[in-house]
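K.L.:
model this:
(one chain, ligands or ions: 1)
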Amino acid sequence: MSAGPRQPAGASDWVRRARAVMPGGVSSPVRAFGPVGLPPLFAARGEGARIFDDAGRGYLDYVLSWGPLILGHAAPPVVEAVTRAARDGMSFGACHAGEVELAERLAAWVPGVEMVRFVNSGTEATMSAVRLARAATGRDLILKFEGCYHGHADGFLVVAGSGVATLSLPDSPGVPAATSALTLTAPYNDLEAVDAVLAEHGPRLAAVIVEPVAGNAGLIPPRKGFLQGLRDACDRAGALLIFDEVMTGFRVARGGAQERYGATPDLTTLGKVVGAGLPVAAYAGPRDLMRRVAPEGPVYQAGTLSGNPLGMAAGLAQLEELERTDPFAALERRASTLVEGILSAARARGIPACGAAVGSMWGVFFTEGPVFDFDGARRADAELFARYYRACFERGVFFAPSAFEAGFLSTAHTDADIENTVAVAGEAMDAALAGAN
Ligand code: KE4
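P.N.:
You can find the predicted model right below:
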């Protein structure tokens, strides 16, 4: 079952060296492991469903680079494609076939997409989509939802989820009040609140941006009718609807949440899976909107490494493998089995818990639930989560080191891995309840 007690990961000298030259010793705050009271994992390599630290210890990986690795670590089709591409050059700064082929694939798979612009991160994708929406409508305000995270562009750091929530940051210093004033917020899943915002600000609203399945406050699925309600509200107000599918794209269905739930946005942002672990993201939509983007239109956006040939090769190889194997139903079944197993272990121990799986995204909250919004997520027992987290990690299971993140699954995770993980979760709950760690 468990691999027995382990030294806390990152106990190596790397933590000290990293903290001497990088803020918090990390390249992104959520990797710091602060909220769970452990030194950060220093990864050395990944293989299938497992990640290995600098001391060679292996962990079943449910973070999967925060979503991109739907085929698991070092998936052979992806590695071969990137290796082949690298032999032809790292970057051209010129057009190349790979970006066209990947854009064609996205247009074929994602209902609301006819035209694509590649960028290098989800943040670039969402900030560019908002700029385009503001240009197309001539309006300035945007509406986002509490607990949703759309990257770290100034206007999004308002009641954001993910690392902002994990670190309990009051949004972020450095963002001008004049910028934050352009971002309105409402509770997730609350159409009445949306209607109230639109009643007051509708004529000035450029866009509503939403995670169609919220994955940055833990996992919060949309309530029935919520997404179509947003579609209808935007139509009434003359605002654009942006689905931020950076996380949900190719995870909750092949065509993302817009395929699964049948509500079509005006603009879509994609990332993570679309680059298979390389820095690839995109914003996309119908031709009449996307043609406003330079050089065809006046909306400026650019990027030295956008459409990078290695990223395109990685994304294409991953999506081609998803097309060949069609693993979506099997992934959802496994994710559901995992959540049900963890919830059953909690119930058997009298621990209040709720959770869900949507496609290959999943989440568990240590609170009675159900959780429909960020306030509900914040009611979860953070202390118990931290003790449970440490006990899972010591037993070789690597979950996202925050209660405000979703979990993921890859095609490399087996039924035996799920059974092992559920058993470890039960042991970890016992340890957490005993206050043993
Ligand atoms: P990036 O700029 O980190 O590539 O993407 C931003 C982003 C946009 N939209 C959604 C729905 C996202 O989930 C993200 C990034 N997700 C976080 C994890 N919750 C990335 C992990 C990190 O910040 O290191």
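
K.L.:
Residue 35 reaches residue 387, doesn't it?
P.N.:
No - applying CB atoms under 8 Å, one finds residue 35 not in contact with residue 387, separated by 11.9 Å. C-beta: built from backbone N, CA, C; applies to glycine.

K.L.:
hey, where'd the helices end up in the stretch 251-400 of the chain?
P.N.:
With DSSP state H, counting those that start in this stretch as the criterion, the stretch 251-400 of the chain has helices at 256-261, 287-290, 309-325, 328-348, 374-378, 382-394.

K.L.:
from the ones you listed, which stretch is densest packed?
P.N.:
helix 256-261 (a mean of 24; mean count of other CB atoms under 10 Å).

K.L.:
how about the residue most central in space within the chain, phi and psi?
P.N.:
Taking CA atoms, centre = their mean, the centroid of the chain lies closest to residue 247, which sits 3.5 Å from it. Backbone torsions for residue 247, taken as degrees, to the nearest 10, come to phi -100, psi -40.

K.L.:
Nearest to the ligand: which residue in this protein?
P.N.:
Closest contact between the chain and the ligand, by CB to the nearest ligand atom, is at residue 122 (2.3 Å).

K.L.:
which residues touch the worst-scoring helix or strand of the chain on mean pLDDT?
P.N.:
In the chain, no helix or strand scores lower on mean pLDDT, DSSP states H and E than helix 162-166, which sits at a mean of 77. Contacts to helix 162-166, defined as CB atoms under 8 Å, 6 or more residues apart in numbering, come from residues 28-30, 34-35, 147, 149, 157, 169, 171-172, 216-217, 374, 378, 402-405.

K.L.:
One more: stretch 287-302?
P.N.:
114-117, 119, 128, 131-132, 135-136, 240, 266-267, 284.

K.L.:
Tell me which two of those residues sit farthest apart.
P.N.:
114 and 131 (19.1 Å; CB to CB).

K.L.:
These two: which has the busier surroundings?
P.N.:
The neighbour comparison of residue 114 against residue 131 (other CB atoms under 10 Å) goes to residue 131, with 19 against 16.

K.L.:
so how far is residue 301 from that one?
P.N.:
In this view, residue 131 and residue 301 are 7 Å apart by CB to CB, to the nearest Å.

K.L.:
Quick one: distance of the least confident helix or strand of the chain to the chain centre.
P.N.:
12 Å (CA atoms, centre = their mean, to the nearest Å).

K.L.:
Just checking it against the ligand, any contact.
P.N.:
Yes - using CB under 6 Å from any ligand atom, helix 162-166 reaches the ligand at 162, 163.

K.L.:
got the buried residues for that helix?
P.N.:
By neighbour count on 16 or more other CB atoms under 10 Å, the buried set for helix 162-166 is 162, 163, 164, 165, 166.

K.L.:
Stretch 156-173 now?
P.N.:
156, 157, 158, 159, 160, 161, 162, 163, 164, 165, 166, 167.

K.L.:
Please save the CA atoms from it in PDB.
P.N.:
Extracted C-alpha coordinates of stretch 156-173, given in PDB (Å, rounded to 0.1, in the frame of the first residue of the first chain):
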ATOM      1  CA  PHE A 156      -8.300  39.600 -13.100                       C
ATOM      2  CA  LEU A 157      -6.700  39.900  -9.600                       C
ATOM      3  CA  VAL A 158     -10.000  40.700  -8.000                       C
ATOM      4  CA  VAL A 159     -11.400  38.100  -5.600                       C
ATOM      5  CA  ALA A 160      -9.400  35.600  -7.600                       C
ATOM      6  CA  GLY A 161      -8.900  31.900  -6.900                       C
ATOM      7  CA  SER A 162      -5.900  29.600  -7.200                       C
ATOM      8  CA  GLY A 163      -2.700  31.000  -5.700                       C
ATOM      9  CA  VAL A 164      -4.400  34.300  -4.800                       C
ATOM     10  CA  ALA A 165      -6.900  32.400  -2.700                       C
ATOM     11  CA  THR A 166      -4.300  29.900  -1.500                       C
ATOM     12  CA  LEU A 167      -2.200  32.600  -0.100                       C
ATOM     13  CA  SER A 168      -5.200  34.500   1.200                       C
ATOM     14  CA  LEU A 169      -3.900  37.600  -0.600                       C
ATOM     15  CA  PRO A 170      -6.200  40.600  -0.600                       C
ATOM     16  CA  ASP A 171      -6.100  40.600  -4.400                       C
ATOM     17  CA  SER A 172      -2.700  42.100  -5.200                       C
ATOM     18  CA  PRO A 173      -0.800  45.300  -4.500                       C
END
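
K.L.:
just checking, the residue of the chain closest to the ligand touches residue 274?
P.N.:
No - using CB under 8 Å, residue 122 makes no contact with residue 274, being 9.8 Å away.

K.L.:
list residues touching both of those two?
P.N.:
residue 281.

K.L.:
Domains in the chain, by residue range?
P.N.:
9-62+327-435, 76-324 (automatic domain parsing).

K.L.:
how distant is the longest one from the center of its chain?
P.N.:
Spelled out, it's domain 76-324. With CA atoms, centre = their mean, you get 11 Å for domain 76-324.

K.L.:
do the same with stretch 399-408
P.N.:
That offset, for stretch 399-408, works out to 10 Å (CA atoms, centre = their mean).

K.L.:
quick one: average pLDDT of it?
P.N.:
For stretch 399-408, the mean per-residue pLDDT is 95.

K.L.:
Restricting to C-alpha, output that stretch in CSV.
P.N.:
Taking Å, rounded to 0.1, in the frame of the first residue of the first chain, the C-alpha atoms of stretch 399-408 are listed here in CSV:
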residue,chain,number,x,y,z
PHE,A,399,-2.3,16.3,-4.8
ALA,A,400,-2.4,20.0,-5.5
PRO,A,401,-0.9,21.6,-2.4
SER,A,402,-3.9,23.8,-1.8
ALA,A,403,-7.6,23.3,-1.0
PHE,A,404,-8.3,25.9,-3.7
GLU,A,405,-7.3,23.8,-6.7
ALA,A,406,-8.8,21.1,-8.8
GLY,A,407,-7.2,17.6,-9.2
PHE,A,408,-6.6,16.0,-12.5
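
K.L.:
I appreciate the help and will end here.
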